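Trainee: Sequence and predicted model, in that order:
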Amino acid sequence: MIRWILKGMLRDKSRSLFPFLVVAVGVALTVGLLGFMDGVFMGMIDMTAKLDTGHIRFVNKPFYEEEHLLPMDRALAGQKKTLAWLREHGDPRIQWSPRIRWGAIMDIPDEEGNTLSQTPVIGMAVQLLDPQSPERKRLQLEQSVIKGKIPSRSKQILVGYQLAETLKLTIGDTATLMGQTFDGGLATDNYTVSGFIRFGVAAMDKKMVLIDLGDAQQTFYMENMVTDWLGFLPRSVAYGDYEKIKQRIEQGLAALIKNPPEDWASDDEPIVLSILDQRNLGEIIKKFELIRGIIVMIFSFLMVLVLWNAGLINGIHRYGEMGLRLAMGETHKALMASLALEAFAVGLAGAMAGCLVGGTVVYFLQEVGVDMGDAMAQSGLMVNDVVRGRLSVEGFIRGIVPGMTASVAGSLIASLAIFQRSEANLFRELETG
Amino acid sequence: MLKIQNVSKVYRVGGQDFIALHNINLEIEDGAFMSFVGPSGSGKTTLLNLIGGLDSPTSGEVVFNGFHLNEMSRDQLAVLRRENIGFIFQSYNLLPVYSVYENILFPLLLNKQKESQVRDKVMALVEKVGLSAEANKKPAELSGGQCQRVAIARALVKDPLLVLADEPTANLDVENSHHILEMMRTLNQETQAAFIFSTHDEKVTRFVNREVALEDGYVKSDKVKQPNGELI
């Protein structure tokens, strides 16, 4: 019987082609749009995590509360012991990276030592000098340094390329950093510009510099201290799981605070944050998911609406067949089931075609991306200039399920008239038809 | 096989009651070959619908092969029709996207039979109605007479006890009508399935063994063919 039904569907294009096209277009749009949105959004999360917050962040609470002031005196000491504790109590999938956030005035002197130009900069100190450092890969330094090279020895600095243009820097220039030491004194140190870096985020390209962690500890008198421990999780871990991972670390934290490493200050009180707790990303994600849900609903509703009407037209077209089948002894339920089966088959074929088209578009966007650097130039968002789509199994499911549901629902709603009508009426209409 | 006892059917039309059948009493034996005749509006199709379980009487009772149709659910009636009753329509109502063979096969698929098991049976019937050469053709490629032969084969393929034919010759010319009626009479004798026609075609009268005339919902006459061929 199933073969008989499918045969009829393939032969009668009017009952299969239009619903197929509607589902295919609807699913392609859903998969394409959601894939692009996911890509942009997850790109923003990845970028924020890499450059700023990590997926999980272990930070001293007093530092975090006044983060905008970069209070170096509230950094956490006991670097090695803290790392050992994090490795023992954190999720084994987390890679921990120590960082120092700092701020300073960057002065560019001429040959005689007079100031040529000067600007405040935001700095990040990461493990740069070790060629095996995961930070070099994480920050994609090989690809991001657009001129010069990654620091290979102490006291070298990477400068955001737009900042370098503003200050008219050349490779090998000296840059003097003037900031505050850990204990409130004046810190000054000379660095050599080793390269210009393109972070891909306009705000950072204009303001940010990178130095090695060890250099920062020396310059700011922060031996064995860091301001942040950033934890990075593999891509396979969904952001919905970050909270659970954070809570597991928190469970052991009270014991650590009671019995802290001896280098810690007496009022140090580290806290664990997930990326969703920072930069308002949790709220943004909720809104993003809401918008994504609304988009899926709108496309599903439109598909149901169109397929319902297509089903009605098809129902009129096949009224004779329905009446005949009821007269010949097919039950209403069996008739509806066969219509649902047809709709399911059409929905499946349409959804597959839609996935193929939508998936191809998303794959292109994922591999090539769209350069929106000009549009983002004035934005402070941590979004890469090249926005990319993201192909994922979930993205396909979000397209396929509504597409197939819409196909079956549209067909069944349209068939309700047949279900409710008595055989005698169908039979009469069959004869007059 | 079939008892129609005190059956009346009232339709509500435009806020008023329209009595389609008045207190009909009939008894129809196994293997009958008979017709309901009468002008349009006389109640022929309504009576066929009641016999076929497609509609229910306002009062009275239809008993088919021991089953009281009034007491059966919609699904039970569907099963009864599926297994025991074949239908032939004035406008053939063949499924246009399926071939002759597939149209005839369909009632057996509804009865959950596998095509591989019934292929020979269907082909034998295709041959019996003289359409072997057209077995793979679609209805649009057939003449009216050929279409009605497909419809007859479709009605008979499940070996029903009863075939209900609503104006089966109305769309056919004299020659084709003659052939179709001859074929149905032959099949009636071979299969012992009862045939009941509704018709206002006088040509049919010559072929049937019994003729019930209806007028304004009443049985006007009930004639049985005598040995001399006359209906009295």
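Mentor: Thanks, I have the structure now.
Trainee: Can you point out the buried residues in the helix-or-strand element of chain B with minimal mean pLDDT?
Mentor: In chain B, the helix or strand scored least confidently by mean pLDDT, DSSP states H and E is helix B:202-205, which has a mean of 77. Buried positions in helix B:202-205, judged by neighbour count with 16 or more other CB atoms under 10 Å in any protein chain shown: residue B:204. The way it works is simple: take the backbone N, C-alpha and C, and place the C-beta from them, glycine included.
Trainee: Check what contacts it and list those residues.
Mentor: B:35, B:37, B:169, B:174, B:177, B:178, B:181, B:197, B:211, B:231 (CB atoms under 8 Å, 6 or more residues apart in numbering or on different chains).
Trainee: show me what contacts the residue positioned nearest the centre of chain B?
Mentor: Closest residue to the average C-alpha location of chain B: residue B:164 at 1.3 Å, with CA atoms, centre = their mean. Taking CB under 8 Å, 6+ apart, we find residue B:164 in contact with B:48, B:51, B:52, B:85, B:86, B:87, B:88, B:196.
Trainee: hmm, try it at 7 Å
Mentor: B:48, B:51, B:52, B:85, B:87, B:196 (CB atoms under 7 Å, 6 or more residues apart in numbering or on different chains).
Trainee: Just give me the neighbour total for the nearest residue to the fourth one once chain neighbours are set aside.
Mentor: Read that as residue B:85. Nearest residue to residue B:85, sequence neighbours excluded (CB to CB, 6 or more residues apart in numbering or on different chains): residue B:162, at 5.0 Å. By other CB atoms under 10 Å in any protein chain shown, 24 other residues sit near residue B:162.
Trainee: Could you do the one 5 residues further on as well?
Mentor: Residue B:167 is flanked by 20 other residues according to other CB under 10 Å.
Trainee: remind me, longest helix of chain B?
Mentor: helix B:174-191 (DSSP state H).
Trainee: chain center to that helix, what's the gap?
Mentor: A distance of 13 Å separates the centroid of the chain from that of helix B:174-191, by CA atoms, centre = their mean, to the nearest Å.
Trainee: hmm, who's touching it?
Mentor: B:31, B:33, B:129, B:144-145, B:148-149, B:152, B:156, B:159, B:168-169, B:172, B:195, B:203-204, B:207.
Trainee: Quick check: buried residues in it?
Mentor: Buried-residue list, helix B:174-191, by 16+ other CB under 10 Å: B:176, B:177, B:178, B:179, B:180, B:181, B:183, B:184, B:187, B:188.
Trainee: got JSON lines for those residues, with pLDDT too?
Mentor: Formatted as JSON lines, these follow (pLDDT from 0 to 100):
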{"residue": "B:176", "pLDDT": "82"}
{"residue": "B:177", "pLDDT": "84"}
{"residue": "B:178", "pLDDT": "86"}
{"residue": "B:179", "pLDDT": "85"}
{"residue": "B:180", "pLDDT": "85"}
{"residue": "B:181", "pLDDT": "87"}
{"residue": "B:183", "pLDDT": "86"}
{"residue": "B:184", "pLDDT": "86"}
{"residue": "B:187", "pLDDT": "88"}
{"residue": "B:188", "pLDDT": "91"}
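Trainee: Same list, these, but as CSV with distance to residue B:8 please.
Mentor: Listed next are the buried residues of helix B:174-191 as CSV, based on distance: CB to CB, whole Å:
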residue, distance to residue B:8
B:176, 37
B:177, 33
B:178, 36
B:179, 38
B:180, 33
B:181, 31
B:183, 35
B:184, 30
B:187, 33
B:188, 30
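Trainee: Many thanks, we can stop here.
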